[in-house]
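# Any chance you could fold what I've pasted below:
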Amino acid sequence: MDRLTGKVVLITGAGSGIGKAAAAGFAARGAHVILVGRRQAVLDEVAASLIAQGGKVSAYAADIAQKTEVEALVTWAIAERGQVDILVNNAGSASKTLNARWIAEEEWDQVQDVNMKAVFLLTQALLPDMLARKNGTIITVSSLAALRPNLLGGAAYGAAKAAVRNFMTYLHNTFRNDGIRSTCILPGEVNTPIMDNRANPPDQVIRDGMVQPEDVAEAILLCASLPARTVVEELIVAPTVLRDLSGDLEISRWKNAPAACQAEREKSE
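I've put the predicted structure just below:
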């Protein structure tokens, strides 16, 4: 029997990209999947598709950067399913302004809230039940930007992903002997809708050479399905071929720069 059969899995950012692909993988392997995201209609569409394929799926819309909404989500999930065995922190958000010189405080805060604060809030809400059972798996999708920050992902995104990587290491070091497995996955460029928001959105040929959502989903499933005695602490999933990013980095440097800096930009070119 598959080790995921009957497990309850809560996945954030489940309406598209990596979260959607991971949900399909867990459902296909017999888990009950709770899809979480901001838009109920999108989640319902994904849920309907997976249910039509025989999956056991629920959908719950919430702003996971808000403590009250996270607490309501976790209360509902435990009431409906008894427990949450596996938490997949996948929701992510990047800023539109990538250069630390010009990013506004509000935009910086929003990126930290989605990529870091939400992971903390969900983990804190689920930990008591996991610790009581001495069993639980927490998998967080960080980014290779945590290790190699640059203008492509931007200052706010790289900082948030580095913070969440640190937090996952903290969880591992603190709760491993209490039966809690904590895993951080660091993907390189992944062909998800977030690419549409890049300063220089890549064309289809470039996207085809990137890591695909299903590839990261396979890594998530591997980490979740290993025996409880074994944990993957950290896993990098990157494209095999390294593409030339010099043009993208230069465009990213100047995106949303103040008009007063236009002369500086022209001089640099």
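# need the strands for the stretch 151-269 of the chain, in chain order.
With DSSP state E, counting those that start in this stretch as the criterion, the stretch 151-269 of the chain has strands at 180-187, 234-237.
# Which elements pack onto the last one?
The one in question is strand 234-237. Using 3 or more Cβ pairs under 8 Å, 6 or more residues apart in numbering; DSSP states H and E as the contact test, the elements touching strand 234-237 are helix 155-175, strand 180-187, helix 213-225. All C-beta spots, glycine's among them, are computed from the backbone N, C-alpha and C.
# Please, where are all the helices along the stretch 1-150 of the chain?
Secondary structure of the stretch 1-150 of the chain (DSSP state H, counting those that start in this stretch): helices at 17-28, 40-52, 67-81, 105-112, 118-133.
# Of all these, which one comes closest to C184?
Smallest distance to C184 across these (Cβ to Cβ): 10.2 Å, for helix 118-133.
# residues touching the spatially most central residue of the chain, list them.
Closest to where the C-alpha atoms of the chain average out (Cα atoms, centre = their mean) is N90, at 2.2 Å. N90 makes contacts with I11, T12, G13, A14, I18, G19, A22, T140, V141, as judged by Cβ atoms under 8 Å, 6 or more residues apart in numbering.
# With V70 instead?
Contacts were defined as Cβ under 8 Å, 6+ apart; by that measure V70 touches A62, I64, A118, L121, L122, A125.
# If you drop the residues flanking it in sequence, what lies closest to it?
Counting by Cβ to Cβ, 6 or more residues apart in numbering, L121 is the residue found nearest to V70 once chain neighbours are left out, at 4.4 Å.
# what's the pLDDT at the one you found?
Per-residue confidence (pLDDT) for L121: 98.
# separation between the nearest residue to N115 once chain neighbours are set aside and T240?
Nearest non-adjacent residue to N115, counting by Cβ to Cβ, 6+ apart: A160, 3.7 Å away. Distance from A160 to T240, counting by Cβ to Cβ, to the nearest Å: 27 Å.
# neighbour count winner among the two?
Using other Cβ atoms under 10 Å, the more surrounded residue of A160 and T240 is A160, with 29 against 7.
# what pLDDT does that one get?
We have a pLDDT of 98 for A160.
# ditto for the one 4 residues further on
If you check V164, the pLDDT there is 98.
# before we move on, the earlier item: and the contacts of N90, which two are furthest apart?
Between any two of these, the greatest separation by Cβ to Cβ is 14.4 Å, found for A14 and T140.
# neighbour count winner among those two?
Comparing A14 with T140 by other Cβ under 10 Å, the one with more neighbours is A14, at 30 against 26.
# residue contacts, that one?
K20, A22, A23, V33, L35, V36, G37, L43, V46, A59, N90.
# now do R165
R165 is in contact with T140, S142, A146, L147, C184, L186, E234, counting by Cβ under 8 Å, 6+ apart.
# possible to save these as JSON lines with pLDDT and distance to E218?
Shown next, in JSON lines, are the contacts of R165 (pLDDT from 0 to 100; distance: Cβ to Cβ, whole Å):
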{"residue": "T140", "pLDDT": "98", "distance to E218": "17"}
{"residue": "S142", "pLDDT": "98", "distance to E218": "17"}
{"residue": "A146", "pLDDT": "97", "distance to E218": "21"}
{"residue": "L147", "pLDDT": "97", "distance to E218": "21"}
{"residue": "C184", "pLDDT": "98", "distance to E218": "16"}
{"residue": "L186", "pLDDT": "98", "distance to E218": "15"}
{"residue": "E234", "pLDDT": "98", "distance to E218": "16"}
